[in-house]
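A.B. asks: Provided below for reference: sequence and predicted model.
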Amino acid sequence: MTDLAVLFEHPAWFVPLFDALDRRGVSHVALRPDGHFDPADRRAPAPVIFNRIAMSSFLRAGEHPIFHTMALLDHWRRGGARVINGPEVLAIDSSKARQLSLIASLGLAIPETRVVHRVADIAAAAATLSFPLVVKANIGGSGAGITRYDSMEELRAAIADRSLPSSVDGVLLVQDYVPARNGTITRIETLDRAYLYALDIAGGGAFDLCPADACQVPGAPIPMVAADPGPELTQAVEAIAAAAGLDIGGVEVMIDDRDGVARFYDINALSNFVAKPVDVLGWDPHDRLVDYLVQVIREARG
C-alpha cells in the first residue's frame, strides 16, 4: 500500500510537490476528487491523506468538490487515516465568516465586518459601516467574489441590478475597506502550526494576490519579497494556526494605513508556495514540507 495520498483539484499547482516527493522517494498516489465513495467502506487509499483542495475550485467547475471533500476526508479519517488539513480545517478554509470569528476570538484585529445571507440585509449592514467598503463572497479564492463600493448609492444600484458578488454557500460579508500601508499585504506561511516564511506582496488595492507561479499572469508578475514579520505577528499567526488546527497554511495580514493596526483577514489552508522560491526566499519550502510529510507517515506507521 502507498504511504501517502495527495487529494488535489488544480492541474498545475502541485507539480513542485510531486517532484519533491519523487526526489525523496516517498511512495505516493495523486488523487482527483472525482467519482463516488461508499460510506460503508472504511478503506482509505493511504494511511496518510494530504488535502490540497482549493476554495477557488468553484471557479473552474460548477460542480466543484468543496463540500464533497469535507465528507470524504471525514469518512477516510473515521476509517483510521491521518488526514492533513482535515475536514474541520476545510470547514474554516471555506468560510471567511468563520475565519474572522476565530481570529477575533484570539483578541486580534480584523476589518470591521457584517455577515449576511440575504441581499435584503446588505444595505442595513452597510449602514453600520463607513464607505468605501467591500462585499465579499464567504467562499472565495484567487480574489474571486470581492467588489468595492464607494457610496451607499453605488451599493444600492448594485443591489437593484443584481450585480453583487455571490457565494456558492449564499453567505456574503459586508466589510470595511482597509487601505493597506504602502499597498502591501503580508502572507505568513506556517507548517505544523509553526512559522515557515513570510512574504510582503504589493497589490495596490487589488484582491487577487496569489503568490504561486501558476496563479500569475504572464508578463504581469505580482511584486513580492521575503519578509521578516517580527515576533508579534509571528506569534499571532501561530496562535491562529493552532486555533484552526491548521497543519499547513497561510494567514494574511495588512497594516491599516489609517491607524497602524495589524488587521488579519484571511486563513488559507491551500499553500502552493511562492513562485521561484529559491530566488525569493533562498530555499525551497517544499523540502521542509516533505520532511513534515515523512514524519507524519512514520507516526502513522506506528
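C.D. replies: Nice, thanks for sending it over. As the structure is a prediction and not an experimental result, all values here were calculated from the model. Numbering: from 1, shown residues only.
A.B. asks: separation between residue 28 and residue 2?
C.D. replies: Going from residue 28 to residue 2 by Cβ to Cβ, to the nearest Å gives 6 Å. C-beta here means a position set from N, CA and C on the backbone, and glycine is covered the same way.
A.B. asks: and residue 231, that's in a helix?
C.D. replies: Yes. Counting by DSSP: H, G, I helix; E, B strand; the rest coil, residue 231 is found in a helix.
A.B. asks: returning to that earlier point: mutual contacts of residue 28 and residue 2, please.
C.D. replies: With contacts taken as Cβ atoms under 8 Å, 6 or more residues apart in numbering, residue 28 and residue 2 have residue 46 as neighbours in common.
A.B. asks: okay, these two: which has more neighbours?
C.D. replies: residue 28 (21 against 12; other Cβ atoms under 10 Å).
A.B. asks: show the pLDDT at residue 3.
C.D. replies: What the model reports as pLDDT for residue 3 is 97.
A.B. asks: ditto for residue 171
C.D. replies: 96.
A.B. asks: quick one, strands of this structure?
C.D. replies: 4-8, 28-31, 48-52, 82-84, 113-116, 133-137, 146-149, 172-176, 184-191, 194-202, 224-226, 248-255, 262-268 (DSSP state E).
A.B. asks: kindly reformat those as JSON lines containing distance to residue 160.
C.D. replies: Formatted as JSON lines, those follow (distance: least, Cβ to Cβ, whole Å):
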{"stretch": "strand 4-8", "distance to residue 160": "41"}
{"stretch": "strand 28-31", "distance to residue 160": "45"}
{"stretch": "strand 48-52", "distance to residue 160": "40"}
{"stretch": "strand 82-84", "distance to residue 160": "45"}
{"stretch": "strand 113-116", "distance to residue 160": "17"}
{"stretch": "strand 133-137", "distance to residue 160": "14"}
{"stretch": "strand 146-149", "distance to residue 160": "13"}
{"stretch": "strand 172-176", "distance to residue 160": "16"}
{"stretch": "strand 184-191", "distance to residue 160": "32"}
{"stretch": "strand 194-202", "distance to residue 160": "35"}
{"stretch": "strand 224-226", "distance to residue 160": "39"}
{"stretch": "strand 248-255", "distance to residue 160": "31"}
{"stretch": "strand 262-268", "distance to residue 160": "28"}
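A.B. asks: so which of these comes closest to residue 155?
C.D. replies: strand 146-149 (4.2 Å; Cβ to Cβ).
A.B. asks: give the pairing partners of the closest one; include direction for each.
C.D. replies: The pairing partners recorded for strand 146-149 under DSSP bridges are strand 133-137 (antiparallel).
A.B. asks: hey, C-alpha coordinates of the strand it pairs with in PDB?
C.D. replies: C-alpha atoms of strand 133-137 as PDB (Å, rounded to 0.1, in the frame of the first residue of the first chain):
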ATOM      1  CA  LEU A 133     -16.500  49.200   1.800                       C
ATOM      2  CA  VAL A 134     -16.300  45.800   0.100                       C
ATOM      3  CA  VAL A 135     -18.800  43.000  -0.400                       C
ATOM      4  CA  LYS A 136     -17.100  39.600  -0.300                       C
ATOM      5  CA  ALA A 137     -18.200  36.100  -1.000                       C
END
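A.B. asks: contacts for that strand?
C.D. replies: Applying Cβ under 8 Å, 6+ apart, the external contacts of strand 133-137 come out as 96, 122, 126, 144-149, 155, 158, 164-168, 171-177.
A.B. asks: narrow the residues you listed to those that are buried.
C.D. replies: 96, 122, 126, 144-147, 149, 155, 158, 164-165, 167-168, 171-177 (16 or more other Cβ atoms under 10 Å).
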